[in-house]
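Asks: no FASTA, just this:
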Ligand code: BES
Ligand code: ZN
Ligand code: ZN
């Protein structure tokens, strides 16, 4: 899809169809040129309502307000309404609220994210007619903005949304296609396309690095584990940030086997890994002034003669011993070693890990919200603000002094599950915290994306299946931290 900005009013632009948002049921706005027809047909402009008038070549959509998320959802609905219709070009004005560029970006993001479909395994693929969307230089509220900024922000929005769709595609790929090795091959391909450095450690190299917790998780699989490390190096970076992703290409639960109903969708247990690939993809294409390391612990948690077992005691890379009481709490074992690797080898300024770590996080926050955990309040608040600005949902889950005790083991330094059935998302994060060195405690944040990464129904501009959770949040945080000036929202 091509997005074009034209320094002309909507009327001056030629296109097959015009997209008109009816904001807060306001049918009196000058852009609503078919008021009588709309009223005759009973269109009120309620949120989510849409009406296509072929005679006047206009598509109307009811939108609640000018909030950027409402605009994203509306743009997504517009693309869905135009699917299977033979319009090749569409035009739309701008719907600005506070920040001139936020809503221009939201239109592009909503259109790209809402237009996504995963049809690789279908014989009959939906036909796509729409190839171009033209944004005009005319605003709903008569707010002035710079065309240069509009063009630049539309490009950025396209990069981020396409990176999100790249992540969705990878996560949606089934576990008979994506294994730790083929995931590494996707990373190598991305590295080649985006001029990134890429190193892949195989099981022998993981052994040399004493990553025994990670290795134990992958041991029963016919598809051996891989540590995947991508690096984006701009000139004169302002900082170095590591994004660490849980890459379980399948999580059967291992010997603590998941019940059948819970096992389905566990191809999505690689969502954190795919998200960090999406973040480094977008960051490199946007040429952000930050060195970025994307590090993935990729393994398959399976059952076999060589399975790791409840009762095993594992020694992690940092020398800590772990009593295994549940082989389904495997993500934290892979991440423990991967986090140690990142601190020892990369020494970044910040570490952000993304993982579909716990069902408990989904219980706590619902399916749509990312759980944010860590020791540093300010860092977490910045992540929450970035989430809000990006259109992703995130909420903090607080550590406290009592919860760490639930991870105590009688026979090893720590246990891989909590002794309580409550607060599981936080105790999982506290387990990870045991593998974060003192000097990194306030420079680390953990994002549990178990809820939004993969949802088996459409929501907003997200499709059935993978959503690409974490990419937009991650990029927005980097921009707020290292690109925008203080005035920018
Ligand atoms: N990958 C799962 C967590 C998960 C659950 C992700 C649902 C997405 C949707 C993780 O490895 C897991 O199995 N966690 C266990 C931990 C428990 C054994 C302490 C869980 O959440 O039940
Ligand atoms: Zn598990
Ligand atoms: Zn898992």
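Replies: Here it is on my side, so go on. Note that the structure is a prediction, hence the values are computed from the model and not measured. Ligands and ions are numbered 1, 2, ... in the order given.
Asks: residues contacting whichever residue of the stretch 151-300 of the chain sits closest to ligand 3?
Replies: Taking CB to the ion as the measure, the stretch 151-300 of the chain has residue 251 as its residue closest to ligand 3, at 3.7 Å. Every C-beta, even on glycine, is put in place using the N, C-alpha and C of the backbone. Contact partners of residue 251, counting by CB atoms under 8 Å, 6 or more residues apart in numbering, are 258, 263, 266, 269, 301, 328, 330, 331.
Asks: report the buried residues of the helix or strand containing residue 167.
Replies: Taking DSSP states H and E as the definition, one finds residue 167 inside helix 147-172. For helix 147-172, the neighbour count (16 or more other CB atoms under 10 Å) marks 150, 153-172 as buried.
Asks: swap in stretch 442-453?
Replies: 443, 444, 445, 446, 447, 448, 449, 450, 451, 452, 453.
Asks: close to ligand 1, is it?
Replies: Yes: Stretch 442-453 is in contact with ligand 1 by CB under 6 Å from any ligand atom, via residue 450.
Asks: that stretch near ligand 3 at all?
Replies: No: using CB under 5 Å from the ion, stretch 442-453 stays clear of ligand 3, coming no nearer than 8.4 Å.
Asks: now do the same end-to-end measure for that stretch.
Replies: 26 Å (CA to CA, to the nearest Å).
Asks: what does the protein put close to ligand 3?
Replies: Residues of the chain lying close to ligand 3 (CB under 5 Å from the ion) are 248, 251, 269, 331.
Asks: now, those residues that are in strands?
Replies: Filtering the residues of the chain next to ligand 3 for membership in strands, criterion DSSP state E, returns 248, 251.
Asks: how close does the closest residue to residue 320 other than its chain neighbours get to residue 472?
Replies: Once flanking residues are discounted, residue 320 sits nearest to residue 413: 4.6 Å by CB to CB, 6 or more residues apart in numbering. According to CB to CB, to the nearest Å, residue 413 and residue 472 sit 37 Å apart.
Asks: tell me the residues of the stretch 251-400 of the chain that contact ligand 2?
Replies: So the stretch 251-400 of the chain meets ligand 2 at 251, 328, 330 (CB under 5 Å from the ion).
Asks: the second one against residue 262, yeah?
Replies: No: taking CB atoms under 8 Å as the definition, residue 328 is not a contact partner of residue 262, at 9.2 Å.
Asks: name the residues contacting each of these two.
Replies: Contacts common to residue 328 and residue 262, judged by CB under 8 Å, 6+ apart, are residue 253.
Asks: so these two - more neighbours on which side?
Replies: Between residue 328 and residue 262, residue 328 has the larger neighbour count (other CB atoms under 10 Å), namely 20 against 14.
Asks: thinking again about what came up before, looking only at neighbour counts, state which of residue 413 and residue 472 leads.
Replies: residue 472 (26 against 17).
Asks: one step back: report all helices and strands that the helix holding residue 167 contacts.
Replies: Helix 147-172 sits against strand 2-6, helix 102-114, strand 132-139, helix 271-285, strand 465-466, helix 471-482, with contacts defined as 3 or more CB pairs under 8 Å, 6 or more residues apart in numbering; DSSP states H and E.
Asks: please identify the most buried of those.
Replies: Highest mean neighbour count among those (mean count of other CB atoms under 10 Å): helix 271-285, with a mean of 29.
Asks: and that helix, average pLDDT?
Replies: Helix 271-285 shows a mean pLDDT of 99.
Asks: chain neighbours aside, what residue packs nearest to residue 444?
Replies: Residue 444 sits nearest to residue 351 (CB to CB, 6+ apart), 4.5 Å away.
Asks: how close does the closest residue to ligand 1 within the stretch 1-150 of the chain get to residue 271?
Replies: Across the stretch 1-150 of the chain, no residue is closer to ligand 1 than residue 118, which sits at 18.3 Å (CB to the nearest ligand atom). Distance of residue 118 to residue 271, given as CB to CB: 14 Å.
Asks: repeat that for residue 2.
Replies: Residue 2 is 29 Å from residue 271, by CB to CB.
Asks: ditto for residue 239
Replies: 25 Å.
Asks: picking up where we left off before, right, and the residue nearest to residue 320 touches residue 321 too?
Replies: Yes: assessed by CB under 8 Å, residue 413 is found in contact with residue 321 at 4.7 Å.
Asks: which positions in this protein make contact with ligand 1?
Replies: 251, 269, 326, 328-331, 356-360, 362, 417, 424, 450.
Asks: which of these are buried?
Replies: 251, 269, 328-331, 356-358, 360, 362, 417, 424, 450.
Asks: the residues you listed in strands, which ones?
Replies: Per DSSP E, these map to strands at residue 251.
Asks: among the buried ones among the residues of the chain next to ligand 1, which lie within helices?
Replies: 331, 360, 362, 424 (DSSP state H).
Asks: excluding sequence neighbours, find me the nearest residue to the last one.
Replies: If the residues on either side of it in the chain are set aside, residue 424 comes closest to residue 360, at 2.9 Å by CB to CB, 6+ apart.
Asks: what residues does the one you found make contact with?
Replies: Residues near residue 360 by CB under 8 Å, 6+ apart: 423, 424, 425, 428.
Asks: could you list the low-confidence segments of the protein?
Replies: 486-489 (pLDDT under 70).
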